[in-house]
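In: Fold the stuff below for me.
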Amino acid sequence: MAWRFNDYPGNIAGSVFSKGGDNIVPPSGHIFIAITTLAATTFSNTTGLVAEEATRYANTEDAAGDAAAGSETYSEGSGGEEVVVGDAFPAGIDIFGQYTKIRVNSGSIIAYYAKK
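Out: Purely as a prediction, here's the structure:
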């Protein structure tokens, strides 16, 4: 898998603003690569922060990087936890990863997408 950030932010194809309610999904053939919180933000459970690879990027479906201590691999560490609806990200935080769907529970964000 290619590292998308080598040309960041030059590879950004667009962005989406959301203050909650509906799921946001990038255009076909694209993926969200960065999220900036504009106000304290929480994400909806299970569908709030959907990573392309749930064991690699912090998300609401699974705990990324949660391999057993001592069994870490090239692509997965240990000690990670799942993001739940009560986890608040303060304003001004940038979240980087590969996300296919985002649903803000409270707060507001700008999500940036790039070609896959």
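In: where in this protein is pLDDT low?
Out: Per-residue confidence of the chain (counting by pLDDT under 70) places the weak regions at 1-10.
In: How about the residue in the chain sticking out farthest from the centre, nearest residue that isn't a chain neighbour?
Out: No residue in the chain has its C-alpha farther from the mean C-alpha position than G70, which lies at 26.1 Å (CA atoms, centre = their mean). Sequence neighbours aside, S78 is the residue nearest to G70 in space, at 7.6 Å (criterion: CB to CB, 6 or more residues apart in numbering). Backbone N, C-alpha and C define where each C-beta goes, glycine included.
In: There's contact between that neighbour and E72 in this structure, I believe.
Out: Yes: with contacts defined as CB atoms under 8 Å, S78 counts as touching E72 at a distance of 5.3 Å.
In: Surely G77 is in contact with A69?
Out: No: the criterion here is CB under 8 Å, and G77 misses it with A69 at 9.7 Å.
In: out of the two, which sits in the busier spot?
Out: Counting neighbours by other CB atoms under 10 Å for G77 and for A69 shows that G77 has the greater number, 15 against 8.
In: For the more buried one, what are phi and psi?
Out: Backbone torsions of G77, given as degrees, to the nearest 10, read phi -90, psi -160.
In: What is the neighbour count of S106?
Out: Using other CB under 10 Å, S106 is surrounded by 14 other residues.
In: Do I have it right that A51 meets N59?
Out: Yes: A51 lies in contact with N59 (CB under 8 Å); the separation is 3.9 Å.
In: Quickly list what's touching both of these two.
Out: Here A51 and N59 share the contacting residues 97, 99, scored by CB atoms under 8 Å, 6 or more residues apart in numbering.
In: These two: who's more crowded?
Out: Under the criterion of other CB under 10 Å, the comparison of A51 against N59 puts N59 first, with 28 against 22.
In: How much space separates the more buried one from E52?
Out: Distance from N59 to E52, counting by CB to CB, to the nearest Å: 9 Å.
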